[in-house]
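**Student:** Provided below for reference: sequence and predicted model.
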Amino acid sequence: MLVSFQGVRAAVPTTSGVTETMGNALTSGSTSYNVYYSYASVAQVGTNLTISLTLHVNAFTGRIEYIYDYALEAQIFIGTQELDQTVSGPAGSNSSSFLYPGATWGPINFTFPLTEANTGLTMGQSDNATLEITLRDTTYIGVPFSQYLTEPPMQASGGGFLLQDAVASSTTSSSSSSQGSGQTILPYALVASGALLMVAAVITPRSPRPATSDRK
């Protein structure tokens with residue numbers, strides 16, 4: 001029963017949500033986007049943290065028709081420490097890489113190895129970490145301009161999570177040490193007790209026997 005319980009791991013709680021609406025007001029129209037995110041609510045130093053992001057294109061106005069050459073950047077801030085990764089969409093200006101209003105891109109996974117060096121935490125410490133998401137892309141402006149225009153970078157908050165550098169429990173090792181010590185000392189204690197009894201038997205004086213009367 002003990003082995004079966006130790007083999008079962010508790011489910012890791014996750015944080016999921018969507019950013020506030022991002023976009024730009026350009027001379028040829030405006031853009032609107034949201035990014036959906038999901039990741040573990042508690043992350044441990046010494047493991048990999050995976051953040052899943054999905055870009056959703058809401059709507060365009062004016063002469064903006066679609067976007068291409070898009071990329072999402074995930075940034076994790078832990079105190080003064082910063083971790084970041086960028087994943088780009090399909091390369092090339094072809095129809096398979098275009099995103100029109102209503103389209104989505106993702107989910108895209110960002111994997112961050114968490115170490116004491118890049119988090120700034122040491123054994124037993126914990127800190128709150130925050131996620132920032134940046135979107136970069138290029139818009140296509142339709143007729144009569146038929147040109148491409150790079151949007152200014154757009155940034156939004158992706159929530160936060162708890163980062164821990166956990167201390168290993170010493171309960172099991174202490175218990176094992178105590179049991180081991182008892183098992184090691186017991187044979188010696190028994191031998192010592194026997195030796196004392198033998199010594200006591202040798203040095204303890206005996207009472208003289210009464211004289212035996214002569215036989216007639």
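**Tutor:** Here it is on my side, so go on. Residues are numbered from 1 along each chain as shown.
**Student:** what segments of this structure are strands?
**Tutor:** When secondary structure is read from DSSP state E, the chain shows strands at 14-18, 25-26, 29-40, 42-44, 48-60, 64-78, 81-88, 104-113, 126-141, 147-150, 154-164.
**Student:** who wins for proximity to Ser97 among those strands?
**Tutor:** Using Cβ to Cβ as the criterion, the shortest distance between Ser97 and the strands of the chain is 5.1 Å, found for strand 64-78. Placement of C-beta: from N, CA and C, glycine included.
**Student:** name the helices or strands packed onto the closest one?
**Tutor:** In this structure, strand 64-78 packs against strand 29-40, strand 48-60, strand 81-88, strand 104-113, strand 126-141, with contacts taken as 3 or more Cβ pairs under 8 Å, 6 or more residues apart in numbering; DSSP states H and E.
**Student:** tilt between that strand and strand 104-113?
**Tutor:** Strand 64-78 and strand 104-113 meet at an angle of 20 degrees, taking axes from the mean of the first three to the mean of the last three Cα atoms, to 10 degrees as the criterion.
**Student:** got the buried residues for strand 64-78?
**Tutor:** With burial defined by 16 or more other Cβ atoms under 10 Å, the residues of strand 64-78 counted as buried are 64-76, 78.
**Student:** contacts only, for Leu53.
**Tutor:** 35-37, 72, 74, 106-108, 110, 133, 158 (Cβ atoms under 8 Å, 6 or more residues apart in numbering).
**Student:** including mean pLDDT and distance to Gly17, could the helices and strands packed on strand 64-78 go into TSV?
**Tutor:** Below are those laid out as TSV (pLDDT from 0 to 100; distance: least, Cβ to Cβ, whole Å):
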stretch	mean pLDDT	distance to Gly17
strand 29-40	98	6
strand 48-60	98	11
strand 81-88	97	19
strand 104-113	97	14
strand 126-141	97	10
